[in-house]
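Chemist: The following block contains a protein sequence and its predicted model.
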Amino acid sequence: MAEKIPAGRWVQIHDIELTAEERAPQVPEDTGRVPLEKWVKGFLQEAAEIGEEAEIETVIGNRYRGRLVDADPSYDHSFGKAIPELLQVGRELKEMLREGGGE
Amino acid sequence: MAAKTYQEVMERRNQIMKEAVGIDYDRFRRNELVFDYEKMMAEVGYQLDEIREIQGQTGVGKTPLLELKNLTAIARKLAPAGKGARIFIKDEASNPSGSFKARRASVSVYHAKKQGYSGVVAATSGNYGAAVASQAVMRGLDSIIVQEVYDSQGKGQPEILEKGRKCEAYGAEVLQLTVGPELFYTFLKVLEDTGFFNASLYTPFGIAGVETLGFEIISQLREEEGQDPAVIVCTNAGGGNLTGTARGINKAGAKETAVVGASVDLSGLHMASDRDFNRKSFTTGHTGFGIPFATWPDRADVPLNAARALRYMDRYVTVKQGEVFYITEALAQLEGMERGPAGNTSLAAAVALAQELDRDEIIVVQETEYTGAGKHPIPQLNFARENGVEIRRGDPEDEVPGKNIVIPEDPGQIKARDLDLKRIRLSYLNKALENSGLKELGREEVKFLAAEINLPVEKTRELLEENLEVEIRG
């Protein structure tokens, strides 16, 4: 069962900034079919479950309302797997520097 | 409370802007077309000496200028006999926030503080956000950064996610949005709600802050090598990097130094497209910003853009995504400098351009940027692969943005491909006339346009008469 996230916890909320119909007239067709969405992080003001409407106070003290999506939101971007297409570049260039001629 | 629909907010944009930058831009306008650019820079901006003082207070600038001896040796092996200029790089990653953008933010944040604003806002998915946040901390101001991060599937560009993290590391409030030009709408609402200063990339403050970069390069080379560079290559997106650097070069009196803009070729990808958003592997330094801003600078978040690259560009070249990733790897492997890919756009171009210059000449790459998780060839290429972009080695000429990224098999395949400046100038002239609605031009208008496209008045007149429907008097 969903647990309530306690007030004061660092969370992320999600909100629809503009619906597809409210978007700017100049957006490309694919973009115009979807809403403009917004995410903000801050401290939860009152205990709430994930998916519920909630209010946060950001790190500089601004208040925002939206749907609670995450607690202690993570930074998931990383490096990932080595790129085989780059692995030989250093060796090839060093070999080129060792070869005579040119310089 | 003011109404908040897209149209209502956009209609208030001029008023919101005026309060948020404190500049009455109308003061510099002469008519629908002409404005006094130098007067705007002089009256609103700060003098070079003041800027050096301001930047000194927050540890910005005075970055090392390093010679890339191994990459120079590679370029010489590829060059005709007697060719292969020495390649130098300005290590801007050593600024407090990890990029040259600290220069650009420094004056804005200083000015905001002086004018009594309690915080600053910037709309940027780039290194500028971290720069504003970092400078704001140092001056005791709050900061809000508005970023375009995700596509409609909630999938974020790793490079931008990292930049968002860095903003938060400096205590900024970060608003993360999905793709779309309405980022500007959100930005205006934030300005209106908070009364914060608009730390736009495109005010005279931002551009004047970059002048020290060009000035330092010339001073350092004169002191250490006793000569001016033949060429300085600037990665070009919104135009501010090139504009500020070139103005600094001019202020140092380096009359013979050519300024070359370089952008990553992303032709064919639409920047506001939800589908294309995650098919590009560069989020800045690319043609998707570079060409629209060169051909019409006044599309920015201020009424008159102080970044006007076409005024200062002697040449404009493109390089491929695969070439920039290759050269980023080469910089780490041959020179012991691991730096972010986007900032190495101009380095890829420089390796090719060095081969056109004599061996006793110098070519300078005027920036580097920090690197790390998300903002590095490995995550950016993994992300491309996950989004269906093919990664392979081969001839970069075969690269098609959004379809594949071709890592060169040989450094000799790296090329600086010239964009047709005449076409870009004509495109600018066309837009200038269209937006002003003028059908007749006098001496003052032609003189203004000549400065805008960096050509003599006579040549500008010829271009206008031969290609556009316009009457020229006087």
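Modeler: Perfect, I can see it now.
Chemist: burial count for whichever residue of the stretch 1-150 of chain B sits closest to chain A?
Modeler: At 3.3 Å from chain A, B:Lys77 is the closest residue in the stretch 1-150 of chain B, using C-beta to the nearest C-beta. In short, each C-beta sits where N, CA and C put it, glycine included. Using other C-beta atoms under 10 Å in any protein chain shown, B:Lys77 has 18 other residues around it.
Chemist: For the stretch 1-150 of chain B, which segments count as helices?
Modeler: With DSSP state H, counting those that start in this stretch as the definition, the stretch 1-150 of chain B shows helices at residue ranges B:6-11, B:13-21, B:37-44, B:48-57, B:69-78, B:101-114, B:127-139.
Chemist: nearest to B:Ile362, of those helices?
Modeler: For the helices of the stretch 1-150 of chain B, the distance to B:Ile362 is smallest for helix B:69-78, at 9.8 Å, taking C-beta to C-beta.
Chemist: What is the burial count for residue 86?
Modeler: I'll assume chain A. Neighbours of A:Leu86 using other C-beta under 10 Å come to 21.
Chemist: Correction: the question concerned chain B.
Modeler: Neighbour number of B:Arg86 under other C-beta under 10 Å is 23.
Chemist: Pull up the residues of the stretch 201-350 of chain B that are close to chain A.
Modeler: Within reach of chain A by C-beta under 8 Å from any C-beta of the partner chain, the stretch 201-350 of chain B has these residues: B:270, B:272-275, B:325-326, B:329-330, B:332-334.
Chemist: Quick one: name the residues of the stretch 351-474 of chain B near chain A.
Modeler: So the stretch 351-474 of chain B meets chain A at B:373-374, B:376-379, B:381-383, B:391-393, B:407, B:410-411 (C-beta under 8 Å from any C-beta).
Chemist: Out of these, list just those in strands.
Modeler: Filtering those for membership in strands, criterion DSSP state E, returns B:391-393, B:407.
Chemist: Next, format those as TSV and append distance to B:Gly84.
Modeler: Shown next, in TSV, are these (distance: C-beta to C-beta, whole Å):
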residue	distance to B:Gly84
B:Ile391	30
B:Arg392	29
B:Arg393	25
B:Ile407	23
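Chemist: List only those of those residues flagged as buried.
Modeler: Restricting these to buried positions leaves B:391, B:393, B:407, with burial counted as 16 or more other C-beta atoms under 10 Å in any protein chain shown.
Chemist: Is the last one in contact with B:Arg392, as I believe?
Modeler: Yes: shown here, B:Ile407 and B:Arg392 form a contact pair, counting by C-beta atoms under 8 Å, at 7.2 Å.
Chemist: Report the set of residues contacting both of those two.
Modeler: Counting by C-beta atoms under 8 Å, 6 or more residues apart in numbering or on different chains, the contacts common to B:Ile407 and B:Arg392 are A:Glu85.
Chemist: where in chain B is pLDDT low?
Modeler: Along chain B, segments meeting pLDDT under 70 span B:1-2.
Chemist: how does it look with 80?
Modeler: Residues of chain B meeting the criterion pLDDT under 80: B:1-3, B:45, B:281, B:474.
Chemist: By residue count, what's the longest helix in it?
Modeler: Longest helix in chain B by number of residues (criterion: DSSP state H): helix B:204-225.
Chemist: what distance separates that one from the centre of its chain?
Modeler: Counting by C-alpha atoms, centre = their mean, to the nearest Å, helix B:204-225 is centred 16 Å from the centre of its parent chain.
Chemist: Report the beta-bridge partners for the nearest residue to B:Glu67 once chain neighbours are set aside.
Modeler: Nearest residue to B:Glu67, sequence neighbours excluded (C-beta to C-beta, 6 or more residues apart in numbering or on different chains): B:Phe88, at 5.3 Å. Here B:Phe88 sits in beta bridges with B:Glu67, B:Val364, going by DSSP bridges.
Chemist: Contacts only, for B:Phe88.
Modeler: By C-beta under 8 Å, 6+ apart, the contact list for B:Phe88 reads B:65-68, B:221, B:229, B:362-365.
Chemist: now stretch B:42-53, how far from the centre of its chain.
Modeler: When C-alpha coordinates are averaged (C-alpha atoms, centre = their mean), stretch B:42-53 and its chain have centres 20 Å apart.
Chemist: Contacts for that stretch, please.
Modeler: Outside stretch B:42-53, the residues within contact range by C-beta under 8 Å, 6+ apart are B:23, B:54, B:61, B:106-107, B:111, B:203-205, B:207-209, B:211-212, B:215, B:248, B:251, B:306.
Chemist: Repeat the analysis, applying 7 Å as the threshold.
Modeler: Stretch B:42-53 has contacts (C-beta atoms under 7 Å, 6 or more residues apart in numbering or on different chains) with B:23, B:54, B:107, B:204-205, B:208-209, B:211-212, B:215, B:251.
Chemist: Quick one, which of these are buried?
Modeler: Buried among the contacts of stretch B:42-53 by 16+ other C-beta under 10 Å: B:23, B:54, B:107, B:204-205, B:208-209, B:211-212, B:215.
Chemist: okay but B:Val210 is in contact with B:Arg104, surely?
Modeler: Yes: in this structure B:Val210 lies within contact range of B:Arg104 using C-beta atoms under 7 Å: 5.6 Å.
Chemist: Pull up the overlap in contacts between these two.
Modeler: With C-beta under 7 Å, 6+ apart, B:Val210 and B:Arg104 have common neighbours B:Gly240.
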